[in-house]
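*Asks:* Okay, sequence plus prediction incoming.
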Amino acid sequence: MCIYNKLAQSSNFKDLFIDTFNESTDMHITFKLSNSFPDSQSAVTSPDSLNSASHQTITLNANHITTKHPLTIAQTIIHETLHAFLNYKQANGECDSTNLSPSIYDLESLTLGELLNDFNYNCIENATNDHNLMFNLLIPVMVQQLNEVFNSLVATEDLDPTLFFYPPPNGNQHSFTWENAIYYMSLEGLEEANSYTSTTTEIPNYSTSEALKQEYHILINNSSTFNHSTCEE
C-alpha cells in the first residue's frame with residue numbers, strides 16, 4: 001500500500017515505539033484491507049491469538065483508500081499502530097489500572113480513547129499520568145509523523161490553500177491551515193478518553209474544538225476541494 005510505504009520510509013515511524021515510549025517490543029503487526037466496514041469505521045486492531053498480543057492485525061477500511069485523503073489514511077495507520085502497542089502493554093497486565101490482565105479480545109472492542117481510561121501510566125517510563133500520555137506523547141507523535149509525510153501525500157497545488165469555513169456553534173469565519181488540520185486530525189479517536197473531555201488547557205472550548213475537528217475532516221476528505229490522487233496504487 002502506497003501510503004503505508006511512504007510512512008515506512010520515515011525513520012521516525014520505524015522507531016515509533018522507541019521515540020514515543022522509550023522502549024522497543026517484539027510485537028509484530030500485519031496490515032490488511034477489508035470492504036466489509038461501514039463508512040463510519042476506519043479500522044480495527046485485533047490480536048491474532050487468544051494467548052498473546054505479540055502478533056496483531058490492523059485491518060483498514062478498503063473503501064477509505066479511494067474516498068479519503070491520503071493524509072487521513074496515514075493518520076489512521078499511525079493511530080492504530082499506537083493502539084496496538086498499548087494493547088500489547090495492557091494485555092500483558094503491565095498497564096491495567098485494575099492490576100488484572102484483561103481478555104485480549106476485550107481490548108478489540110475498545111477505542112484508543114476508551115483504552116486510555118483503564119491505563120496504569122506508571123508502566124511507561126515517560127508517561128506520568130493520563131493527561132501527559134495523551135497530550136505530551138500520543139498527540140505530538142501523531143502530529144510529527146503526519147508532518148514528515150506531508151509533502152509526499154499533499155498535492156503541490158494544495159499546499160497553501162485559500163479556504164474559509166464557518167463552523168457551528170457561532171458560525172465565525174475560520175481560515176483553513178494545514179497546521180490546524182493536522183492537529184485536529186490527530187485528535188480523531190481520542191474523544192472517549194477522560195483526559196480529552198476534562199482538560200481546559202489544550203482544549204479550552206470543547207464544543208468549538210469538536211466543530212472545528214469535524215469541519216476539517218469534511219474539508220480534507222472532499223475530493224473536489226483537495227486532490228486525493230497523490231498516492232494512487
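*Replies:* Perfect, thanks for sending it.
*Asks:* Strands along this protein, start to end?
*Replies:* Along the chain, counting by DSSP state E, strands occupy 28-34, 43-49, 52-61, 164-165, 174-175.
*Asks:* Which elements pack onto the longest one?
*Replies:* In terms of contacts (3 or more C-beta pairs under 8 Å, 6 or more residues apart in numbering; DSSP states H and E), strand 52-61 is packed against strand 28-34, strand 43-49, helix 70-91, helix 104-108. Every residue, glycine included, has its C-beta placed from N, CA and C.
*Asks:* Quick check: mean pLDDT of the third one?
*Replies:* Okay, so that is helix 70-91. Averaging pLDDT along helix 70-91 gives 84.
*Asks:* Sort out which residues of it are buried, please.
*Replies:* Within helix 70-91, the residues scored as buried using 16 or more other C-beta atoms under 10 Å are 70-91.
*Asks:* ok, back up a step: and of the strands of the chain, who's closest to Glu192?
*Replies:* Proximity to Glu192 (C-beta to C-beta) singles out strand 43-49 among those, at 15.3 Å.
*Asks:* can I get the helices and strands packed on strand 52-61 in TSV with distance to Trp178?
*Replies:* Conversion of the helices and strands packed on strand 52-61 to TSV gives the following (distance: least, C-beta to C-beta, whole Å):
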stretch	distance to Trp178
strand 28-34	26
strand 43-49	23
helix 70-91	9
helix 104-108	33
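*Asks:* about what we covered before: okay, the strands of the chain in TSV with mean pLDDT and mean neighbour count next?
*Replies:* Shown next, in TSV, are the strands of the chain (pLDDT from 0 to 100; neighbours: other C-beta atoms under 10 Å):
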stretch	mean pLDDT	mean neighbour count
strand 28-34	89	13
strand 43-49	83	18
strand 52-61	85	19
strand 164-165	92	12
strand 174-175	92	14
